[in-house]
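# with the input below, show me the fold.
(2 chains)
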There are 2 protein chains.
Amino acid sequence: MTRAVNAEDVEGYAKITGDANPVHLDEAYAATTRFKQRIAHGMLAGSFISALLGTRFPGPGTIYLKQDLAFRKPVYLGDVLEVTATVTSYQAQKAILRLATVCRNQRGEIVVEGEAVCLVSEVSPGGSPELSGAAVPTPPRRVVGLS
Amino acid sequence: MTRAVNAEDVEGYAKITGDANPVHLDEAYAATTRFKQRIAHGMLAGSFISALLGTRFPGPGTIYLKQDLAFRKPVYLGDVLEVTATVTSYQAQKAILRLATVCRNQRGEIVVEGEAVCLVSEVSPGGSPELSGAAVPTPPRRVVGLS
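I've put the predicted structure just below:
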């Protein structure tokens, strides 16, 4: 999944979540920080991972159990993030899927990465062709959603 | 920090993040799932943790390094979440603060929990009285932001 991050996203996210840290909203304050300019919320990039899992792969029916996030680099306004999920293991008996989840910026730098753990027993094959029938994924399998 | 979760929040969050999983947005679809009704995005609750850290404690200047999230129970529309962060360790030399982060619903059930790791070397004492001067926290220290 590819997502541009703009000021509107950051401001809307701040309003909904209450995360009004001035480094995200106040250009003058941000200029005094190590970042020198406004940055997006790291958790906004994390939310794009959730979006990929919930809408593309595994898709609707996915039950999100865990997500680890490491915020490696700042995300600046205007950055374009590529969000990917790569299956690393699948416990068929419990229908537990583990995925390596990564957000890269337009320079190919990893900005956020971590592991997702999902229960996929209720994912409908129609909604997620990748998981249908015999096509249960075996690692490593890379899935890149396209915008 | 106490936060009510309403339909507007969930719909706004879905729009900004692109996480349009129907379990969050479509009452009829949600009725067919194990949840029987619409639920909030787990990552929206995770975002409230980010909000607490970025605005209350440690506050502006906090550099978010890591966040682990375990989604324990669904968050339903209308739920009221109490978000808490408890210092578990502080590495003074590197200014690395570790916090146990928990979201509980109005029934006291843990819905989301995990660990946050923050760099607090640039947190201004004025912005975060809890971290000023000699008052560097020693674990365990519980901090509950109030709405």
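# mind checking the longest strand of chain A?
As assigned by DSSP state E, the longest strand anywhere in chain A is strand A:80-91.
# contacts made by the next helix or strand after that strand with the rest, please.
The C-terminal neighbour of strand A:80-91 among helices and strands, as given by DSSP states H and E, is strand A:96-104. Under the criterion C-beta atoms under 8 Å, 6 or more residues apart in numbering or on different chains, residues A:45, A:48-49, A:52-53, A:58, A:65, A:67, A:75, A:81-91, A:110-120, A:137 lie in contact with strand A:96-104. Glycine gets a C-beta too; all of them are placed from N, C-alpha and C.
# pull out the buried residues from strand A:96-104.
Across strand A:96-104, burial judged by 16 or more other C-beta atoms under 10 Å in any protein chain shown covers A:I96, A:L97, A:R98, A:L99, A:A100, A:T101, A:V102, A:C103, A:R104.
# neighbouring strands - and their directions - for that strand?
strand A:80-91 (antiparallel), strand A:110-119 (antiparallel) (DSSP bridges).
# okay if I get those strands as a markdown table plus mean neighbour count, distance to B:A31 and mean pLDDT?
Below are those laid out as a markdown table (neighbours: other C-beta atoms under 10 Å in any protein chain shown; distance: least, C-beta to C-beta, whole Å; pLDDT from 0 to 100):
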| stretch | mean neighbour count | distance to B:A31 | mean pLDDT |
| --- | --- | --- | --- |
| strand A:80-91 | 19 | 28 | 97 |
| strand A:110-119 | 20 | 19 | 98 |
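# now the helix or strand containing A:G54 and helix B:42-55, what's the angle there?
In this structure, A:G54 sits in helix A:42-55 according to DSSP H and E. Relative orientation of helix A:42-55 versus helix B:42-55 (axes from the mean of the first three to the mean of the last three C-alpha atoms, to 10 degrees): 180 degrees.
# from the contact counts, what lies against helix A:42-55?
helix A:7-17, strand A:63-71, strand A:80-91, strand A:96-104, strand A:110-119, helix B:7-17, helix B:42-55, strand B:63-71 (3 or more C-beta pairs under 8 Å, 6 or more residues apart in numbering or on different chains; DSSP states H and E).
# nearest spatial neighbour of the residue nearest to the spatial centre of chain A, chain-adjacent residues omitted?
Nearest to the mean C-alpha position of chain A, counting by C-alpha atoms, centre = their mean, stands A:I49 at 1.6 Å. Take A:I49 and drop its neighbours on the chain: the residue closest to it by C-beta to C-beta, 6 or more residues apart in numbering or on different chains is A:T101, 4.6 Å away.
# quickly list what the one you found is bridged to.
Counting by DSSP bridges, the residues bridging with A:T101 are A:A85, A:G114.
# and A:L77, what does it touch?
Contacts of A:L77 by C-beta under 8 Å, 6+ apart are A:V5, A:N6, A:A7, A:V10, A:Q37, A:R38, A:I39, A:A40.
# can you pull the pLDDT of it?
Listed pLDDT for A:L77 reads 97.
# so it versus chain B, what's the distance?
From A:L77 over to chain B the distance is 14 Å, taken as C-beta to the nearest C-beta, to the nearest Å.
# again with A:V102
15 Å.
# leaving out the residues flanking it, which one is nearest to that residue?
Distances taken as C-beta to C-beta, 6+ apart place A:E113 nearest to A:V102, at 4.6 Å, with adjacent residues excluded.
# I figured that neighbour hits A:A70, correct?
Yes - counting by C-beta atoms under 8 Å, A:E113 does reach A:A70; the two are 5.6 Å apart.
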